[in-house]
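Peer 1: Curious how this folds, go ahead:
(chains A, B and C)
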Amino acid sequence: MSQLLDLVGIFVFALSGALMGVRKRLDVVGMMVLAGMTSLGGGVVRDLILNVRPAAFQSVGYVLVPVAATVIVFFWHPHVARVMPAILVLDAAGLGLFCAVGTEKALEYGLSPLHAALLGVVTAVGGGMLRDVLAGEIPTLLYDRQLYAVPAMLGSGAMAVVYSYGLHGWPATLSAAVLAFGLRIAAMRFKWRAPLARGVGE
Amino acid sequence: MSQLLDLVGIFVFALSGALMGVRKRLDVVGMMVLAGMTSLGGGVVRDLILNVRPAAFQSVGYVLVPVAATVIVFFWHPHVARVMPAILVLDAAGLGLFCAVGTEKALEYGLSPLHAALLGVVTAVGGGMLRDVLAGEIPTLLYDRQLYAVPAMLGSGAMAVVYSYGLHGWPATLSAAVLAFGLRIAAMRFKWRAPLARGVGE
Amino acid sequence: MSQLLDLVGIFVFALSGALMGVRKRLDVVGMMVLAGMTSLGGGVVRDLILNVRPAAFQSVGYVLVPVAATVIVFFWHPHVARVMPAILVLDAAGLGLFCAVGTEKALEYGLSPLHAALLGVVTAVGGGMLRDVLAGEIPTLLYDRQLYAVPAMLGSGAMAVVYSYGLHGWPATLSAAVLAFGLRIAAMRFKWRAPLARGVGE
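Peer 2: Residues are numbered from 1 along each chain as shown, chains lettered A, B, ... in the order given. Have a look, this model is predicted:
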């Protein structure tokens, strides 16, 4: 169950990476590299910090799903781009899922709730940051002022709190994922924005 | 003692990261990401290479100090910017401390003096490089021709030599840190510059 | 034998990193950082994922070879640049070698053939990607449409297949390296290009 949801998140993030490749007019190799980095990068960094072998290098699905996403975008990208609003929704689902799953894994490996929540955020936003850096852009996360990291922080925090009260298992994980997902959707819909420092001006 | 000095270094590097965020007109999330990367990135890379769980994911202070630095810059950044010359001095202190502490930790984990010194330099300059890459700039270290890495190399090298002669403990660490700090201050004051390759011209 | 070939690969990649530094008008420190990242980055990432201490932090040669390459480029870069066609050939040799050696090491540490081949590609192209990101460029790999990653994929795949049929040892490794090398040379000579997605246009 949790594995399946994880693969859905990977698929959606891989689509966004491959589409960035199309937008940058990269070839199919560039598309695949961006798809792989976006979808697997956050989890690999999480596992390196936990000092375990990254899941992406143990399970076949983690390799095949980004390849499949790249193939789909390669042949049908105008159609994929047309459903982009739907993709933003799926991306929010991936964000929610990755922060919840990442926090849970970190807690299972003995990190404190604070550090586990931090690592959950890293899991959720790390891949997208790698994608943007490789594509030669400042990570959207840093400046577009749509809330992206904040929903992940709150979802990861909720996961850590719930877990430390003894509520384990996929219902808890799914609830935290849904919380982050809902906050992200609301942030997009109502244009919630992170504040600028005083005097920086709009 | 050594822990306290480490946190001072983290605080100063986090200030420089958050200020880069203001200069780039990033929102508070971007400021916090840059502050965290600048202050914790070098140590995380060091610990990954040593194959131990990063200190930043074990100690509460390592998380709270960058947050505090971001809050300070967010509300009072004009004042912080006004004391920037003082901050450059503090940054030099952070550089010295990180190279000495990083080298020492690497020696304790059994690296040879040569490799420990190399890892000390990585610790000292890694966070700033991550900050610059994320902010969309070529790392200052690579081209501004002020000596920045060289003081770290000499401080790390001194630490490794002293340690391999059996002088452990914080007085040795502090001496190496002060050496790197002094060289960095002198490099700024006397505008010592790293040479360009032949024919590249001034 | 395999160690020697590895050092040759490191030397060639370090030359290409240092030359990028000259082209970007970086000082000697910047040249050395790029040389080190290009030549050691891929292997360090591979070893972090395998959860072992990186070879670059255990062997003296891995540190001295990039330093030597930087010194050579610093003093004689016009001559080095003049032999660049030869260097592209050597770079192809480095690519072939790194993908074969990287895949083999991953197989020895128990990865599946699929994941080992993936890690071999990461070893071969990771350093060059780090070089380009640090130098402020989109990694050539992503967009220049010369085949670079594809020969590494085929070489790594061949290594994984041969190994899983029980053929270990340096003749197998060298054969996979030669395959990737030959494909890369042919791709340069015959201008084989990776396809763009439909509608992206030439």
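Peer 1: Give me the contact list for the lowest-mean-pLDDT helix or strand in chain A.
Peer 2: In chain A, no helix or strand scores lower on mean pLDDT, DSSP states H and E than helix A:140-143, which sits at a mean of 83. Residues outside helix A:140-143 that contact it (Cβ atoms under 8 Å, 6 or more residues apart in numbering or on different chains): A:125, A:128-129, A:132, A:148-149, B:21, B:24-27, B:29-30, B:33-34, B:134-135. Every residue, glycine included, has its C-beta placed from N, CA and C.
Peer 1: now that helix, how far from the chain's geometric center?
Peer 2: 14 Å (Cα atoms, centre = their mean, to the nearest Å).
Peer 1: Please apply the same query to stretch A:170-180.
Peer 2: So, by Cα atoms, centre = their mean, the centroid of stretch A:170-180 is 15 Å from its chain's centroid.
Peer 1: do the same with stretch A:135-151
Peer 2: 12 Å.
Peer 1: Which positions in chain A make contact with chain C?
Peer 2: Residues of chain A that fall close to chain C, judged by Cβ under 8 Å from any Cβ of the partner chain: A:21-22, A:24-31, A:33-34, A:44, A:48, A:51-54, A:57-58, A:60, A:63, A:73-75, A:77-78, A:133-136.
Peer 1: same thing but at 6 Å, please
Peer 2: A:22, A:25-30, A:33, A:48, A:53-54, A:57, A:74, A:77, A:136 (Cβ under 6 Å from any Cβ of the partner chain).
Peer 1: Pick out the most distant pair among those.
Peer 2: The most widely separated members of the residues of chain A next to chain C are A:Arg25 and A:Arg53, with 35.5 Å between them, by Cβ to Cβ.
Peer 1: Closest residue of chain A to chain C?
Peer 2: Here the residue of chain A nearest chain C is A:Gly30; by Cβ to the nearest Cβ that distance is 3.4 Å.
Peer 1: Buried residues in the helix or strand following the least confident helix or strand of chain A, which are they?
Peer 2: As assigned by DSSP states H and E, the chain's next helix or strand after helix A:140-143 is helix A:149-164. Applying a neighbour-count criterion of 16 or more other Cβ atoms under 10 Å in any protein chain shown, one finds A:149-160, A:162-163 buried in helix A:149-164.
Peer 1: give me the number of residues near the residue in chain A that chain B sits nearest to?
Peer 2: Proximity of chain A to chain B (Cβ to the nearest Cβ) peaks at A:Leu142, 3.4 Å away. Using other Cβ atoms under 10 Å in any protein chain shown, A:Leu142 has 25 other residues around it.
Peer 1: The closest residue to it other than its chain neighbours: what's it in contact with?
Peer 2: The shortest distance from A:Leu142 to any non-neighbouring residue, by Cβ to Cβ, 6 or more residues apart in numbering or on different chains, is to B:Gly30 (3.4 Å). By Cβ atoms under 6 Å, 6 or more residues apart in numbering or on different chains, the contact set of B:Gly30 is A:142-143, B:21.
Peer 1: Quick one: the strands in chain A, in order.
Peer 2: In chain A, no strands are found when defined by DSSP state E.
Peer 1: low-confidence ranges in it?
Peer 2: Residue ranges of chain A with pLDDT under 70: A:1-2, A:84, A:144, A:199-202.
Peer 1: Only the buried residues of the lengthiest helix in it, if you could.
Peer 2: Secondary structure of chain A read by DSSP state H shows that its longest helix is helix A:84-108. Within helix A:84-108, the residues that count as buried by 16+ other Cβ under 10 Å are A:87, A:89-107.
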